[in-house]
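[1] Got a sequence here, can you build the structure:
(one chain, ligands or ions: 2)
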Amino acid sequence: MERFICVACGTQFPDADSPPAGCPICTDPRQYIPEGGQRWTTSAELASDHENQVRDEGDLVGVGTEPSFAIGQRALLVPFGDSNLLWDCISLLDDVTAQEVDRRGGLAGIAISHPHYYTAMVEWAHLFDCPIHLHAADAEWVMRPDPAIQHWDGEVKELGEGLTLIRGGGHFPGGTILHRSDGAGALLTGDIIQVIPDRTHVAFLWSYPNLVPLPETAVQRIGAAVEPFDYDAIYGAWWGRLIPTGAKDVVRRSVERYGAALRGEL
Ligand SMILES: [Zn+2]
Ligand SMILES: [Zn+2]
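    Ligands and ions are numbered 1, 2, ... in the order given. I've put the predicted structure just below:
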């Protein structure tokens, strides 16, 4: 039995003797099948030629795979009581990473912005014996069902210790943003709100690789969902993709710019 992982999106599938017939995450038009066709690896093969870096990212700690694998996002360790919440997830979990995360307080929970980062979440949850909080609107995209997965419904879920999950929607119906109230406040957005090279703005799309926009109503909805929260920083999905300060104005300005662009007013 092997634990197959899609090379293009990093999603891990349940134990099987042979690879799945296809990857539903990648055949969905928000993702893509690479030109060379569907390819699979396994957890063991991935661990043989990749490793994780655990290092500071703004006020938090990032966990990302080198060399970059699949979509290339890094996860974040967010202080959660005397432990951590893992925000978003990655495909590789090896012994060195587990020891490093344990040294920093382990995990008391996992929360993930959207299905592109579900990756090997069940493996992480089993090792750290913690729940995974996912929005119920995206339940169909869970490829490895497990009792550790706790689906939540509605617009907001308080996790405690100053951490709140917010449903933004947009890129996926259950697209989730994490608010951290500590200090001046921060949003951890995955790619529900995308940090782009021009840090005076952020972006909102239905598909990032295929560059498909969202309707203006969906973008206004994301803006309205985060408006009640105090925050100064935004952490995006990749190393270095963060807006350290002034992020609330950046989001307001970007929602307005999106509408102006669609109306031909730029
Ligand atoms: Zn895939
Ligand atoms: Zn995505």
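[2] so who does Y32 touch?
    The contact partners of Y32, by CB atoms under 8 Å, 6 or more residues apart in numbering, come to A8, C26, P209, N210. The C-beta positions use only the backbone N, C-alpha and C, and glycine is treated the same way.
[3] Looking at the chain, which residue is nearest ligand 2?
    At 3.5 Å from ligand 2, H116 is the closest residue in the chain, using CB to the ion.
[4] these two touch, right, that residue and Q31?
    Yes: H116 is within contact range of Q31, at 7.0 Å (criterion: CB atoms under 8 Å).
[5] what's the closest of the contacts of Y32 to A44?
    A8 (19.0 Å; CB to CB).
[6] Would you quantify the distance from that closest one to ligand 1?
    5 Å (CB to the ion, to the nearest Å).
[7] swap in P209?
    12 Å.
[8] how about the helices of the stretch 101-250 of the chain, start to end?
    All helices of the stretch 101-250 of the chain, identified by DSSP state H, counting those that start in this stretch, fall at 121-128, 216-226, 247-262.
[9] who does the second one touch, helix- and strand-wise?
    Using 3 or more CB pairs under 8 Å, 6 or more residues apart in numbering; DSSP states H and E as the contact criterion, the secondary-structure elements in contact with helix 216-226 are strand 163-167, strand 176-180, helix 247-262.
[10] Contacts for it next, please.
    155, 166-170, 175, 177, 179, 187, 192-193, 204, 206, 251-252, 255, 258-259, 262.
[11] ok, back up a step: hey, which of the helices of the stretch 101-250 of the chain is tucked in deepest?
    helix 121-128 (a mean of 21; mean count of other CB atoms under 10 Å).
[12] how about that helix as CSV, C-alpha atoms only?
    Below are the C-alpha coordinates for helix 121-128, written out as CSV (Å, rounded to 0.1, in the frame of the first residue of the first chain):
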residue,chain,number,x,y,z
MET,A,121,-3.6,17.5,6.5
VAL,A,122,-4.7,14.0,7.8
GLU,A,123,-1.1,12.9,8.2
TRP,A,124,-0.3,16.1,10.3
ALA,A,125,-3.5,15.7,12.4
HIS,A,126,-2.7,12.1,13.2
LEU,A,127,0.9,12.8,14.2
PHE,A,128,0.0,15.7,16.5
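[13] Tell me the confidence at the closest residue to H201 other than its chain neighbours?
    What sits nearest to H201 in space, not counting adjacent residues and going by CB to CB, 6 or more residues apart in numbering, is S254, at 4.6 Å. pLDDT for S254: 98.
[14] OK, contacts around S254?
    By CB under 8 Å, 6+ apart, the neighbours of S254 are H201, V202, A203, F204.
[15] And P20, by the same measure?
    F4, F13, W40, M143.
[16] wait, the third one sits on F4?
    Yes: counting by CB under 8 Å, F4 is a contact partner of W40 at 4.9 Å.
[17] Next, show the common contact partners of the two.
    P19, P20.
[18] For G185, give its distance to ligand 1.
    34 Å.
[19] re the thing from before, I'd like the helices and strands packed on helix 216-226 laid out as a markdown table, including distance to S18.
    Output for the helices and strands packed on helix 216-226, formatted as a markdown table (distance: least, CB to CB, whole Å):
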| stretch | distance to S18 |
| --- | --- |
| strand 163-167 | 36 |
| strand 176-180 | 33 |
| helix 247-262 | 44 |
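[20] CSV for those, including distance to ligand 2?
    Putting those into CSV (distance: least, CB to the ion, whole Å) gives the following:
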stretch, distance to ligand 2
strand 163-167, 15
strand 176-180, 12
helix 247-262, 18
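[21] Quick check: which of those is nearest to I90?
    strand 176-180 (16.2 Å).
[22] For that closest one, C-alpha coordinates in PDB please.
    Below are the C-alpha coordinates for strand 176-180, written out as PDB (Å, rounded to 0.1, in the frame of the first residue of the first chain):
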ATOM      1  CA  THR A 176     -11.500  30.800   4.900                       C
ATOM      2  CA  ILE A 177      -9.400  33.600   6.500                       C
ATOM      3  CA  LEU A 178      -7.800  33.400   9.900                       C
ATOM      4  CA  HIS A 179      -7.900  36.500  12.100                       C
ATOM      5  CA  ARG A 180      -5.300  36.800  14.900                       C
END
